[in-house]
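Q: Whatever this is, show me its structure:
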Amino acid sequence: MQQHLTQSRIAAALAAAEQPVGERPWRLLLTKPPTTYSAVRRAFALEDNPGLRQLAGMDEATCRAEASRARIVQELGRRDGYMAALAVTEQMMSTTPVLPNFTRIGLAPWADGPLLTWSFHRDALAVAAFAEHFGVPVTERPHDDEGATTYVSATGAVDCVQFEAYALVNTAPEQVKA
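A: Okay, here's the model as predicted:
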C-alpha cells in the first residue's frame, strides 16, 4: 500500500461508502482499518475461512465487515498505485532516449504494486539504450521452444514502481536450434 494511505483518508472513504447489509456496523468494530497489503489479505482470508474465523475468535458478521472495509482500503491503495505509476511514467518518458511503441500500467487486485511495461517492437537496440539510460542490465532468453524468437528485456524500479522494457526479436537463422 502507498504511504499516503492514512486513517483519515480511509475514514473519509468509508463515510462515503455504503456498507453491505448483514455486517457488523463499521463504527462498532474495535480494530482500525488495515493499511498494509498483508492486513488486507488477512481480512479476506478470515472472511473466506470459517476455521480461521473461529481461531481468531471472530463472528461472521464482524469478519464480513472487516473484509468489506479491507476492500475499500485495497481500492484506495490500488488507485494510489496507479497514480504513482502514472507519475513515474511521465518522469521516465520525459527523459528516455528512445520512445516505446506502447506502454502499459498493470496493477492486479492481489498485487503489491504497479508494473510499467514498455514495449519496443522488434528493437533490441532500443531496449539496450533504455536500459543504459536507466542503469539496469539487459537480459536475453529464448522466447519459444524452437529458439526462433529472443526475448530481450530490462527491469528495474523508479520511486518503488517496477518497470520492464522488452522486445521480441527474430533470432538470426544460424543461431536457431537445428
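
Q: in the longest helix along the chain, what's buried?
A: In the chain, with assignment by DSSP state H, the single longest helix is helix 60-95. By 16 or more other C-beta atoms under 10 Å, the buried positions in helix 60-95 come out as 62-74, 76-78, 80-81, 84-85, 88-89, 92. Just so you know, the C-beta spots here come from the backbone N, C-alpha and C atoms, and that holds for glycine as well.

Q: After it, heading C-terminal, what element do we hit next?
A: Once helix 60-95 ends, the next helix or strand along the chain (criterion: DSSP states H and E) is strand 102-106.

Q: quick one: average pLDDT of the helix or strand just after that following strand?
A: Counting by DSSP H and E, the element after strand 102-106 in chain order, helix or strand, is strand 115-119. Mean per-residue pLDDT for strand 115-119: 97.

Q: Remind me what strand 115-119 packs against, helices and strands.
A: Secondary-structure packing of strand 115-119 (3 or more C-beta pairs under 8 Å, 6 or more residues apart in numbering; DSSP states H and E): helix 60-95, strand 102-106, strand 161-170.

Q: Send me it as PDB with only the CA atoms.
A: Presented in PDB, the C-alpha positions along strand 115-119 are these (Å, rounded to 0.1, in the frame of the first residue of the first chain):
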ATOM      1  CA  LEU A 115       4.200  -2.700 -13.100                       C
ATOM      2  CA  LEU A 116       5.000  -0.400 -16.000                       C
ATOM      3  CA  THR A 117       5.600  -2.300 -19.300                       C
ATOM      4  CA  TRP A 118       7.500  -0.600 -22.100                       C
ATOM      5  CA  SER A 119       7.400  -2.400 -25.500                       C
END
